[in-house]
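Asks: using only what follows, build the 3D model:
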Amino acid sequence: MLKKIRYNDYKNLWNRLVRNLIYDAKEVLLYCGVKIPHRKQNGSFVDYSEIIRRTTKGTDYGAIYDPGTSRIHFEPAYIQSVVDQAYRFDFPIVDRAFGPGGVAAFIHKQGEEDYELKDPQLNHILKQAMLARDNEMPFSFVCARQLSQYEVEQFGVTSNIFSGPKFFNISTDSGVQEAEEQIQSGQYIITNHTIFSSPLTLSFKENIDVFVQCVQRRIPVMLVTQPFSGQNGPMTPYGIALLAFAEFLAGMAIAFGINPETKVVNGALPTMCTPGKNPVLKLGSVVHNFVNYLVAYTSRLLDIASIQSGCTIDGRIHKDDLLGTDYQTVRAMILWDDMFEGWHMVRHCYGFLNDLAFFSFEKAEDDILALRHIQSLDENGITAVLANNVRLNRDIQRAEMFYQDPTLLFHREKDRLLEVIIETIDTYNGDFGSHSHTLQNIPQEWF
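Replies: Next comes the predicted model:
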């Protein structure tokens, strides 16, 4: 496969798609905006007035709160001004960086016929840091941790082992304080935050408060937005990418209003899954990797640090299918390393099972060996791998069709998606499964 020639040939199609995605995301933030929820806590409505004030003050009507609809609307020119001030030249992680992700709730240990699950302990966090260090990962995550445990301890355990940039999930004032102290000691720390409940609704006040503290103190933040197709996001690949990217831009604008000097990383994770009351995630599908790549490529063109999701699998059992590990993981690694161009970081590339719910050290080691093998291959080597696996060869050829012409997968629908998003929020309380658009766009197969 002539990767460089192919990229030059099809780059313009991707650039046009990205231009549309950016334009449409601005339109979503202008006409739909971010909804301020009416939540009660201890019998009283939660007060979001401070985050509204910080987001809108001094923007010269770039961000406006409408009390009638309880929404913050953003002017496209204001969003563009925020984006224009983003840069990556001082970011310590280079392009095309594969690494871990988080955060799984259980440690997975496989037996001969079944598996067992354990709650992650401090020794597991230590082992994760050693795995990242010993395999020279460009960044680290605490891949498995119960979110109610070891929030402060995870910093010291990881920093004593791994010296590179580190991503941490935090949810308390103590976590914020520890992150600041780690940065003052010379560590490069990025804290992970979810400030939206899709679609485009501010999350719990506690999450917002921790995010505000980090941004105020210039602690780098990763904004995670995770809409699910057919659930709290549009069913189509373009639609789910649009919503995820619009939510990130809104979060970036909120952070800018608090402290424009704080580094913001795009951690958007548009997630493909089936519609209905019992959704099945499709994180191992080719389409899921393409959707995340679209967001990654868009961020790269805007010079925004970004880290999307790829290379994980749907199943609960680790298998030796290809190159010593699972088929879906190898297929995705070839997509990201050999086909996709113009991306920054990808997370979840080793160790995860059951749609990120489990983390397996056995799988992690096998995945990393497969990744290093793929990265060492030239074009002839990749061709040999494909020639020896009919299924993989077929899948990569079909993926090549999407890469050559992304409009085969990503249908813009122009103003229709904006209407669907607004109608779903206003009429169906954010449940896209109740909108006819979802039923009209259920894929016939999951590739």
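Asks: check the gap between residue 31 and residue 59 for me.
Replies: 18 Å (C-beta to C-beta, to the nearest Å). Every residue, glycine included, has its C-beta placed from N, CA and C.
Asks: more neighbours, those two?
Replies: residue 59 (17 against 14; other C-beta atoms under 10 Å).
Asks: ok, the more buried one to residue 77 distance?
Replies: Counting by C-beta to C-beta - residue 59 and residue 77 are separated by 11 Å.
Asks: likewise for residue 437?
Replies: In terms of C-beta to C-beta, residue 437 sits 29 Å off from residue 77.
Asks: more neighbours: which of the two?
Replies: residue 437 (20 against 11).
Asks: buried stuff in the helix or strand harbouring the more buried one?
Replies: Using DSSP states H and E, residue 437 falls within helix 436-440. For helix 436-440, the neighbour count (16 or more other C-beta atoms under 10 Å) marks 437, 438 as buried.
Asks: which other helices and strands contact it?
Replies: For helix 436-440, there is no helix or strand it packs on, judged by 3 or more C-beta pairs under 8 Å, 6 or more residues apart in numbering; DSSP states H and E.
Asks: mind saving the C-alpha coords of that helix as CSV?
Replies: Extracted C-alpha coordinates of helix 436-440, given in CSV (Å, rounded to 0.1, in the frame of the first residue of the first chain):
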residue,chain,number,x,y,z
SER,A,436,-37.4,8.7,13.7
HIS,A,437,-33.9,9.7,12.4
THR,A,438,-32.4,6.9,14.5
LEU,A,439,-34.7,4.2,13.2
GLN,A,440,-34.1,5.4,9.6
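Asks: gap between it and the chain center?
Replies: Helix 436-440 sits 25 Å away from the centroid of its parent chain (C-alpha atoms, centre = their mean, to the nearest Å).
Asks: identify the residues contacting that helix?
Replies: 230, 234, 235, 275, 416, 420, 432 (C-beta atoms under 8 Å, 6 or more residues apart in numbering).
Asks: same thing but 10 Å
Replies: Around helix 436-440, the neighbours that count as contacts under C-beta atoms under 10 Å, 6 or more residues apart in numbering are 229-231, 233-236, 239, 275-276, 413, 416-417, 419-421, 423-424, 428, 431-433.
Asks: same deal with stretch 362-372?
Replies: 98, 100, 108-110, 127-128, 131-132, 134-137, 143, 311-313, 317-320, 322-326, 329-330, 333-334, 336-337, 349-353, 360.
Asks: so for that stretch, what's the average pLDDT?
Replies: Summarised as a single mean, pLDDT over stretch 362-372 is 98.
Asks: give me the buried positions along that stretch.
Replies: 363, 364, 365, 366, 367, 368, 370, 371.
Asks: quick one: which of these sit in helices?
Replies: Residues of those located in helices (DSSP state H): 363, 364, 365, 366, 367, 368, 370, 371.
Asks: what about the helix or strand of the chain with the lowest mean pLDDT, distance to the chain center?
Replies: Ranked by mean pLDDT, DSSP states H and E, the weakest helix or strand in the chain is strand 40-41, scoring a mean of 82. Mean C-alpha position of strand 40-41 versus that of the full chain (C-alpha atoms, centre = their mean) differs by 29 Å.
Asks: partner strands of the helix or strand following it, parallel or antiparallel?
Replies: Per DSSP H and E, the first helix or strand lying C-terminal to strand 40-41 is strand 44-45. Sheet pairing of strand 44-45 (DSSP bridges) gives strand 40-41 (antiparallel).
Asks: report the contact partners of the residue most central in space within the chain.
Replies: The centroid of the chain falls nearest to residue 269 when counting by C-alpha atoms, centre = their mean (2.8 Å). The contact partners of residue 269, by C-beta under 10 Å, 6+ apart, come to 101, 194, 224-228, 244, 283, 288, 291-292, 295, 307-309, 347-348, 356.
Asks: what secondary structure does it sit in?
Replies: At residue 269 the chain is in coil, as set by DSSP: H, G, I helix; E, B strand; the rest coil.
Asks: in the protein, where is pLDDT below threshold?
Replies: Along the chain, segments meeting pLDDT under 70 span 1-9, 112, 446-447.
Asks: all strands for the stretch 201-350 of the chain, in order.
Replies: 201-202, 221-223, 264-266, 307-309, 345-347 (DSSP state E, counting those that start in this stretch).
Asks: using CSV, lay out those together with mean neighbour count and distance to residue 398.
Replies: Shown next, in CSV, are these (neighbours: other C-beta atoms under 10 Å; distance: least, C-beta to C-beta, whole Å):
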stretch, mean neighbour count, distance to residue 398
strand 201-202, 22, 36
strand 221-223, 24, 32
strand 264-266, 26, 28
strand 307-309, 28, 21
strand 345-347, 27, 21
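Asks: would you format these as CSV with distance to residue 190 included?
Replies: Converted to CSV, those look like this (distance: least, C-beta to C-beta, whole Å):
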stretch, distance to residue 190
strand 201-202, 22
strand 221-223, 5
strand 264-266, 6
strand 307-309, 9
strand 345-347, 11
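Asks: what's the closest of the ones you listed to residue 177?
Replies: Counting by C-beta to C-beta, residue 177 lies closest to strand 221-223 out of these; the figure is 15.4 Å.
Asks: partners of the closest one in the sheet?
Replies: Here, using DSSP bridges, strand 221-223 pairs with strand 189-193 (parallel), strand 264-266 (parallel).
Asks: quick one: that strand to chain centroid distance?
Replies: When C-alpha coordinates are averaged (C-alpha atoms, centre = their mean), strand 221-223 and its chain have centres 10 Å apart.
Asks: and residue 49, how far is that from residue 55?
Replies: Residue 49 is 11 Å from residue 55, where distance means C-beta to C-beta.
Asks: of these two, who's got more company?
Replies: Remark: of residue 49 and residue 55, residue 55 carries more neighbours, 24 against 9, as counted by other C-beta under 10 Å.
Asks: residues in contact with the helix or strand hosting that one?
Replies: Assigned by DSSP H and E, residue 55 falls within helix 49-56. Helix 49-56 is contacted by residues 34, 36, 48, 62-65, 67, 70, 72-74, 195, 202, 205, 208-209, 211-212, 215-216, 250, 253-259 when judged by C-beta under 10 Å, 6+ apart.
Asks: and the next helix or strand past it?
Replies: strand 63-66.
Asks: that next one packs against which elements?
Replies: Packing partners of strand 63-66 (3 or more C-beta pairs under 10 Å, 6 or more residues apart in numbering; DSSP states H and E): helix 49-56, strand 71-74, helix 76-84, helix 237-258.
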